[in-house]
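[1] I would like the atomic coordinates for the input below:
(one chain, ligands or ions: 2)
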Amino acid sequence: MDRIRIVGGNQLNGVIPISGAKNAALPLMIASLLTDDTLTLENVPHLADVEQLIRILGNHGADISVNGRRERQGESYARTIHFTSRNIVSTTAPYELVSKMRASFWVIGPLLAREGKARVSLPGGCAIGTRPVDLFIEGLTALGANIEIDGGYVNATAPAGGLIGGRYVFPKVSVGATHVLMMAATLANGTTVIGNAAREPEVADLAKCLNAMGAKISGAGTGTITIEGVRSLSGARHRVLPDRIETGTYAMAVAMTGGDVILEDTDPSLLDTALEAIRRAGAEISATNSGIRIVRNGPGIRPVDIVTDPFPGFPTDLQAQFMGLMTKAGGVSHITETIFENRFMHVQELARLGARISLAGQTAKIEGVSRLKGAPVMATDLRASVSLVIAGLAAEGETMVSRVYHLDRGFERLEEKLTRCGAHVERVSD
Ligand SMILES: CC(=O)N[C@H]1[C@@H](OP(=O)(O)OP(=O)(O)OC[C@H]2O[C@@H](n3ccc(=O)[nH]c3=O)[C@H](O)[C@@H]2O)O[C@H](CO)[C@@H](O)[C@@H]1O
Ligand SMILES: C=C(OP(=O)(O)O)C(=O)O
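    Ligands and ions are numbered 1, 2, ... in the order given. Model prediction:
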């Protein structure tokens with residue numbers, strides 16, 4: 001199993017290209033099931049989750065080629081991938097495939113809308129909380145679906161004439177359930193209104209792509225989304241938006257080590273709240289023509305309190321990384337997690353590096369220390385793993401991160417991107 005070896009102490013200086021967003025690419029890929037035509041996605045990151053979803057879509061009958069080649073004939077990055085689901089050959093998404101990744105459950109929306117039925121295993125994914133699917137079930141039921149859970153599978157059927165436009169107000173914001181309801185409603189009879197919708201940029205990116213495919217969606221990116229159902233969708237070409245979580249992660253890494261880095265091919269407006277927190281921690285951040293410049297020289301890291309919230313709040317997917325940064329702040333900070341009830345698994349691992357963190361309910365208190373010391377640590381989930389990398393970059397000596405398959409789910413070429421900026425980071429394959 002691969003591990004990542006970091007020798008801390010180097011500043012980061014240079015340019016880091018930001019990849020397409022995993023959390024946009026996944027729903028966009030799933031949207032290809034809505035049409036018998038070809039959906040072409042550009043700027044798709046090369047990640048374990050993308051590969052897994054390619055397998056899942058293939059199981060439903062999608063024909064997939066990468067950069068004009070059949071998948072696995074050659075490797076490349078920032079890929080253009082063509083998805084054609086001329087016929088759906090199976091409306092079942094089996095446990096063996098879906099249990100590995102939460103987002104694969106989302107195929108339920110397109111399958112139900114296009115084929116009138118779907119049998120999808122209850123999802124797996126990062127162990128960061130219970131992550132139920134009640135909101136998906138309520139939302140799809142509001143479009144007329146009949147849903148039962150049996151033997152670990154969600155069995156959904158649409159009325160004889162297809163899904164029917166409806167109104168559903170989420171009692172709690174859910175990114176995934178918003179994606180699914182929006183996709184399902186594109187092919188429903190009549191108009192659907194989704195209230196308290198997730199406002200994440202990835203939802204707006206999916207709507208933009210669906211509209212390019214012929215859907216009639218307005219309001220995506222706001223709390224109310226209106227979808228006028230259409231008979232069928234066509235193919236389209238769409239570029240996946242930049243990964244705001246990867247952007248924030250590297251910005252925090254630079255704030256941690258000090259240095260001067262340009263994050264290229266990204267957009268600061270995707271992560272205003274997180275950038276503001278990093279600024280308050282002592283880094284200078286400015287927009288460039290194609291991204292963000294982040295500089296920290298001289299003064300140390302200042303303690304900053306944050307609370308995670310749905311967009312436009314501070315993203316839960318950057319919480320672990322910000323905690324990594326705060327371990328070396330000159331004072332006490334507090335981090336409150338409001339989205340997932342069990343997203344503090346990195347605390348005990350950061351402690352191995354010398355961090356002083358105590359937990360009280362959903363709030364972590366971090367007493368900054370002046371030095372961290374390298375140690376063997378274990379990645380417990382995707383963002384937790386990269387918080388250990390951030391801490392390791394500023395720790396004295398060697399940090400060895402095991403279970404990096406978590407990291408490979410969401411960070412494309414991390415070692416290469418950091419090494420190019422002067423860090424000592426390498427992958428060790430046993
Ligand atoms: C692939 C992807 O894009 N994943 C992101 C997506 O996950 P995901 O879409 O799974 O997260 P949700 O927004 O659905 O979850 C938010 C909260 O709602 C709860 N909930 C959700 C659905 C449901 O039916 N019932 C319910 O109670 C969840 O347990 C959680 O407490 O948004 C999260 C919140 O920004 C991010 O951390 C994930 O990185
Ligand atoms: C939690 C994440 O992903 P997922 O929802 O796929 O588990 C994440 O991207 O941080």
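[2] pop the domain breakdown of the chain in here.
    3-19+242-428, 22-239 (automatic domain parsing).
[3] ligand 1 is nearest to which of those?
    Closest to ligand 1 of the domains of the chain is domain 22-239 (Cβ to the nearest ligand atom; 2.8 Å). To be clear about C-beta, it is placed using only N, CA and C from the backbone, and glycine gets the same treatment.
[4] and that closest one, how far apart are its ends?
    Start to finish, the residues bounding domain 22-239 are 12 Å apart (Cα to Cα, to the nearest Å).
[5] ok, the one helix or strand A185 maps to near ligand 1 or not?
    Taking DSSP states H and E as the criterion, A185 maps to helix 175-186. Yes - contact between helix 175-186 and ligand 1, assessed by Cβ under 6 Å from any ligand atom, occurs at V175, G176, A177.
[6] most neighbours, which of those residues?
    The most crowded member of the residues of helix 175-186 next to ligand 1 is A177, carrying 26 neighbours; neighbours defined as other Cβ atoms under 10 Å.
[7] that older thread, what helices or strands is the helix holding A185 leaning on?
    helix 22-31, helix 108-115, helix 134-142, strand 191-195, helix 201-212, strand 216-218, strand 225-228 (3 or more Cβ pairs under 8 Å, 6 or more residues apart in numbering; DSSP states H and E).
[8] could you dump these into JSON lines with distance to M400 and mean neighbour count added?
    Converted to JSON lines, those look like this (distance: least, Cβ to Cβ, whole Å; neighbours: other Cβ atoms under 10 Å):
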{"stretch": "helix 22-31", "distance to M400": "25", "mean neighbour count": "27"}
{"stretch": "helix 108-115", "distance to M400": "40", "mean neighbour count": "26"}
{"stretch": "helix 134-142", "distance to M400": "39", "mean neighbour count": "20"}
{"stretch": "strand 191-195", "distance to M400": "45", "mean neighbour count": "19"}
{"stretch": "helix 201-212", "distance to M400": "33", "mean neighbour count": "23"}
{"stretch": "strand 216-218", "distance to M400": "47", "mean neighbour count": "16"}
{"stretch": "strand 225-228", "distance to M400": "45", "mean neighbour count": "21"}
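[9] buried ones in stretch 263-279?
    263-268, 270-271, 273-275, 277-279 (16 or more other Cβ atoms under 10 Å).
[10] so who does the closest residue to A236 other than its chain neighbours touch?
    Residue nearest to A236 in three dimensions, not counting chain neighbours: A212, with 3.9 Å by Cβ to Cβ, 6 or more residues apart in numbering. Contact analysis of A212 by Cβ atoms under 8 Å, 6 or more residues apart in numbering lists A236, R237, H238.
[11] and those residues, which of them are buried?
    Among the contacts of A212, those buried by neighbour count (16+ other Cβ under 10 Å) are A236, H238.
[12] show me what L372 is bridged to.
    For L372, the beta-bridge partners are A395 (DSSP bridges).
[13] show me the contacts for it.
    G8, T327, K328, L353, G354, A355, A391, A394, A395, E396.
[14] and the end-to-end length of stretch 118-136?
    Stretch 118-136 end-to-end distance (Cα to Cα) = 13 Å.
[15] quick check, that stretch touching ligand 1?
    Yes - for stretch 118-136, a contact with ligand 1 is found by Cβ under 6 Å from any ligand atom, at G129, R131, P132, V133, D134, L135, F136.
[16] JSON lines for the helices and strands packed on helix 175-186, including distance to S99 and mean pLDDT?
    Converted to JSON lines, those look like this (distance: least, Cβ to Cβ, whole Å; pLDDT from 0 to 100):
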{"stretch": "helix 22-31", "distance to S99": "16", "mean pLDDT": "98"}
{"stretch": "helix 108-115", "distance to S99": "15", "mean pLDDT": "98"}
{"stretch": "helix 134-142", "distance to S99": "16", "mean pLDDT": "97"}
{"stretch": "strand 191-195", "distance to S99": "28", "mean pLDDT": "98"}
{"stretch": "helix 201-212", "distance to S99": "23", "mean pLDDT": "98"}
{"stretch": "strand 216-218", "distance to S99": "31", "mean pLDDT": "98"}
{"stretch": "strand 225-228", "distance to S99": "30", "mean pLDDT": "98"}
